[in-house]
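Asks: please work out how this folds:
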Amino acid sequence: MDTIDYRNHYGAIETNGLYPGQQQELLDMLDGQVDWNDPTLAKITRLRLLSDPGFPYWDVSYCYGVLKNGTHVRVQLPFHQLRKAKMKADIIEAAKRDGVYAKGIGILDDSIISKLC
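Replies: Next up, the predicted model:
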């Protein structure tokens, strides 16, 4: 997925945003939902985070992934907020609790994380 950074028409800055129409394409591909510790989950493909300037947390909007058989799914995460200053540390901590190899499923990869603030 290409990385684009821009200021949208509301003045918010988005990192790794989608091109027009791309969100609908992603939604059309989804076929079900799994927990992030599901053994059939191969990779996280998009993690969408939202916040307001000055607010110390990211809210999780959605998370998408792909199963080992190629099926695209919504991924249920065990958290709804992450500290801005320690976002990846919070993900790793939750992953350790749930027996998930965070780096292995790609959730720490900056190229799949979209931030709107």
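Asks: where is the longest helix in this structure?
Replies: If you go by DSSP state H, the chain has its longest helix at helix 87-98.
Asks: check which residues of that one are buried.
Replies: Within helix 87-98, the residues that count as buried by 16 or more other C-beta atoms under 10 Å are 87, 90-92, 94-95. All C-beta atoms are positioned from the backbone trio N, CA, C, and that covers glycine.
Asks: looking at those, which is nearest Asp28?
Replies: Ranked by distance to Asp28 (C-beta to C-beta), the buried residues of helix 87-98 are led by Ile91 at 27.4 Å.
Asks: would you confirm that the closest one contacts Leu108?
Replies: Yes: Ile91 is within contact range of Leu108, at 6.5 Å (criterion: C-beta atoms under 8 Å).
Asks: intersection of neighbour lists for these two?
Replies: Taking C-beta atoms under 8 Å, 6 or more residues apart in numbering as the contact rule, Ile91 and Leu108 both touch Ala102.
Asks: now do the buried residues in stretch 57-64.
Replies: 57-58, 62-64.
Asks: which one of those sits closest to Leu82?
Replies: Nearest to Leu82 among the buried residues of stretch 57-64: Trp58, at 4.7 Å, using C-beta to C-beta.
Asks: for Leu67, see how far away that closest one is.
Replies: Counting by C-beta to C-beta, to the nearest Å, the gap between Trp58 and Leu67 amounts to 25 Å.
Asks: what's the answer for Lys43, then?
Replies: Using C-beta to C-beta, we find Lys43 at a distance of 9 Å from Leu67.
Asks: thinking again about what came up before, mind putting the buried residues of helix 87-98 in JSON lines, pLDDT included?
Replies: Shown next, in JSON lines, are the buried residues of helix 87-98 (pLDDT from 0 to 100):
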{"residue": "Met87", "pLDDT": "98"}
{"residue": "Asp90", "pLDDT": "98"}
{"residue": "Ile91", "pLDDT": "98"}
{"residue": "Ile92", "pLDDT": "98"}
{"residue": "Ala94", "pLDDT": "98"}
{"residue": "Ala95", "pLDDT": "98"}
